[in-house]
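Visitor: requesting a structural model of the entry that follows:
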Amino acid sequence: MLLRLRSLRLWKCQLSLWHRSVNGEFVLDRLYGGRRVEWKWQDASVLERVWKSNESAFETGFVYAEGRGVKAYKPVAYHVQRSNLGVTVLWGSGIRPAVSTYPLLEVARAA
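Guide: Numbers count the residues shown, from 1 in each chain. Below you'll find the predicted structure:
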């Protein structure tokens, strides 16, 4: 579904799976919906936090790729969740947090 939404240009995002290496770092295992680049997190602490707590997180930050001695940074919003195989991340410029409350309904209840 993700690939179809991307091909229709309705949703600009990527889905990636990160696994823990022997030294404890998270490395990119699979990437869907984007060009295969060895992305790395500027601050991978969110992956570690989600891995340990088993709770999902929605945040913003940067990923980067290195090539020819240069780092290319990309700002992203992302939703991270632990999975059986590692940590799954839905990220890109089209990601928005889910609304857990609806303010109009809250106002109506208060009145």
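Visitor: can we go C-alpha only for contacts and neighbour counts from here?
Guide: Noted.
Visitor: who are the packing partners of the helix or strand containing Arg49?
Guide: Using DSSP states H and E, the element containing Arg49 is helix 45-53. With contacts taken as 3 or more C-alpha pairs under 8 Å, 6 or more residues apart in numbering; DSSP states H and E, helix 45-53 sits against strand 70-83, strand 86-92.
Visitor: apply 10 Å and report the result again.
Guide: strand 14-20, strand 26-32, strand 57-67, strand 70-83, strand 86-92 (3 or more C-alpha pairs under 10 Å, 6 or more residues apart in numbering; DSSP states H and E).
Visitor: in the sheet, who's paired with Val76?
Guide: In this entry, Val76 is beta-bridged to Gly61, by DSSP bridges.
Visitor: likewise Arg82?
Guide: The partner residues for Arg82, given DSSP bridges, come to Val87.
Visitor: swap in Glu66?
Guide: Assigned bridge partners for Glu66, using DSSP bridges, are Lys71.
Visitor: counting neighbours, what do you get for it?
Guide: 13 (other C-alpha atoms under 10 Å).
Visitor: so who does it touch?
Guide: Val37, Glu38, Trp39, Lys40, Ala72, Tyr73 (C-alpha atoms under 10 Å, 6 or more residues apart in numbering).
Visitor: distance of it from Ser16?
Guide: 18 Å (C-alpha to C-alpha, to the nearest Å).
Visitor: sorry, back to before: give me the angle between the helix holding Arg49 and strand 57-67.
Guide: On the basis of axes from the mean of the first three to the mean of the last three C-alpha atoms, to 10 degrees, helix 45-53 is oriented at 130 degrees to strand 57-67.
Visitor: deepest in the core, which of the helices and strands packed on helix 45-53 is it.
Guide: Mean neighbour count (mean count of other C-alpha atoms under 10 Å) peaks for strand 86-92 among the helices and strands packed on helix 45-53, with a mean of 22.
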